[in-house]
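> sequence first, then the predicted structure, then my questions.
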Amino acid sequence: MTSAVLDEALKKAALAWISVGDGPALALWVLPLDGTLIVVSGPGEQFAPGLAETTRATVRLRGDNGGLIVITEAVVARIAPGTDEWASVAPQLAAKRLNASGTADEVAARWASTGCVVVRLTPVVDQPVTERPNLPVESGAAEPRETPARVETRRPFRLHRVKRR
């Protein structure tokens, strides 16, 4: 049986930090659906390395104030295009996708044709859920990973001295 905190966090989730194995936790856009989370990743969508190939993932959910309130293990199940589950889930997910070009059916068709992956994350019932007061004390923040988007910037040029107050 899942906890009440987990149930409420799942209902309100729009963003979850999901980690696969020992990898870093990535902030991913999710759709809450019937006590599970639906995630899309792939070309033209969010980057979630290893999520499509794994069977388990760690999910961290935030509360109303933005802070971590629950950590749980989840079973990862891939939803294949052309199945009945895809026909019911993909249009709902596409309709909630911000800045998507086209209708929900067109976006779902694009996901199927470009190789995007839609997965369902279901919390493991027999695993203990970590919630307050047992949450980790450390923030969980990590050093920024190397990226070509990060560049050094020069300090701005000042013609005259600026007095400090």
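Structure's in. What do you need? Residues are numbered from 1 along each chain as shown.
> only C-alpha atoms for contact and neighbour calcs from this point on.
OK.
> pull the longest helix from this structure.
helix 84-96 (DSSP state H).
> which is the next helix or strand following that one?
helix 104-114 (DSSP states H and E).
> what's the longest strand in this protein?
In the chain, assigned by DSSP state E, the strand with the most residues is strand 68-79.
> about what we covered before: next, the buried residues of the longest helix of the chain.
86, 89-94 (16 or more other Cα atoms under 10 Å).
> what inclination does that helix have with respect to helix 104-114?
Here helix 84-96 points in a direction 120 degrees away from that of helix 104-114 (axes from the mean of the first three to the mean of the last three Cα atoms, to 10 degrees).
> dump helix 84-96 to PDB, keeping only the CA atoms.
The C-alpha trace of helix 84-96 is given here as PDB (Å, rounded to 0.1, in the frame of the first residue of the first chain):
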ATOM      1  CA  ASP A  84      -4.400   0.100 -26.900                       C
ATOM      2  CA  GLU A  85      -2.500   1.600 -24.000                       C
ATOM      3  CA  TRP A  86      -0.700   4.000 -26.400                       C
ATOM      4  CA  ALA A  87      -4.000   5.000 -28.000                       C
ATOM      5  CA  SER A  88      -5.300   6.100 -24.600                       C
ATOM      6  CA  VAL A  89      -2.200   7.500 -23.000                       C
ATOM      7  CA  ALA A  90      -0.200   9.200 -25.800                       C
ATOM      8  CA  PRO A  91      -3.000  11.700 -26.800                       C
ATOM      9  CA  GLN A  92      -3.500  12.700 -23.200                       C
ATOM     10  CA  LEU A  93       0.200  13.300 -22.800                       C
ATOM     11  CA  ALA A  94       0.500  15.200 -26.100                       C
ATOM     12  CA  ALA A  95      -2.400  17.400 -25.100                       C
ATOM     13  CA  LYS A  96      -0.600  18.500 -21.900                       C
END
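> name the SS class of the residue most central in space within the chain, please.
The C-alpha lying nearest the average C-alpha coordinate of the chain belongs to L28 (Cα atoms, centre = their mean; 2.0 Å). Put simply, L28 is strand when judged by DSSP: H, G, I helix; E, B strand; the rest coil.
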